[in-house]
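Colleague: Here is the input, now give the coordinates:
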Amino acid sequence: MAAAPVIGLKVQILKASTDREIDAAFVNLVQEQTGALLVGNDPFFNNRIDRVIALAARNAIPTMYWTREFVSAGGLISYGTSLTEHYRQVGLYTSRILKGEKPIDLPVQQFTKLELNINLKTAKALGPEIPPQLLALADEVIE
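Modeller: Prediction:
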């Protein structure tokens, strides 16, 4: 965040833990003429994917998310781990615990594979041009 002012950018951190706060955050983003949004990794947003995507689209704010589920639902771009893989790991750990392993004996898992996903349909609607170099690096491009 310290580098942002050096390159002429303003970083604004908004928090939302209710639907009303999500709406208020987007009102603020529009008032501030925000050029882009990064939605942080928070389970709260997992049940509000459609709402966040709709608000970003309605307000023409290019938005980056932490998981491909947002891009599959119409979001612009994501870079992060897979929710599907998270849930798969939870199932595997639950199985091990139910078979008698002690949770304290299970190793801590850290995901090492990150996915870059881009929705070109959304990009065309919002206006930002996605460089070919970035498209070439993407794990998935939705057209």
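Colleague: ok, and the closest non-adjacent residue to the residue nearest to the spatial centre of the chain?
Modeller: Nearest to the mean C-alpha position of the chain, counting by C-alpha atoms, centre = their mean, stands Y65 at 1.6 Å. In space, and not counting its chain neighbours, Y65 is closest to S78: 4.3 Å by C-beta to C-beta, 6 or more residues apart in numbering. For glycine as for every other residue, the C-beta is placed from the backbone atoms N, C-alpha and C.
Colleague: Could you list the paired strands of the strand or helix carrying that neighbour along with their orientation?
Modeller: Using DSSP states H and E, S78 falls within strand 77-80. Strand pairing for strand 77-80, determined by DSSP bridges: strand 63-65 (parallel), strand 115-119 (antiparallel).
Colleague: Just put the ones you listed in a markdown table and tack on mean pLDDT.
Modeller: Listed next are the strands paired with strand 77-80 as a markdown table, based on pLDDT from 0 to 100:
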| stretch | mean pLDDT |
| --- | --- |
| strand 63-65 | 96 |
| strand 115-119 | 96 |
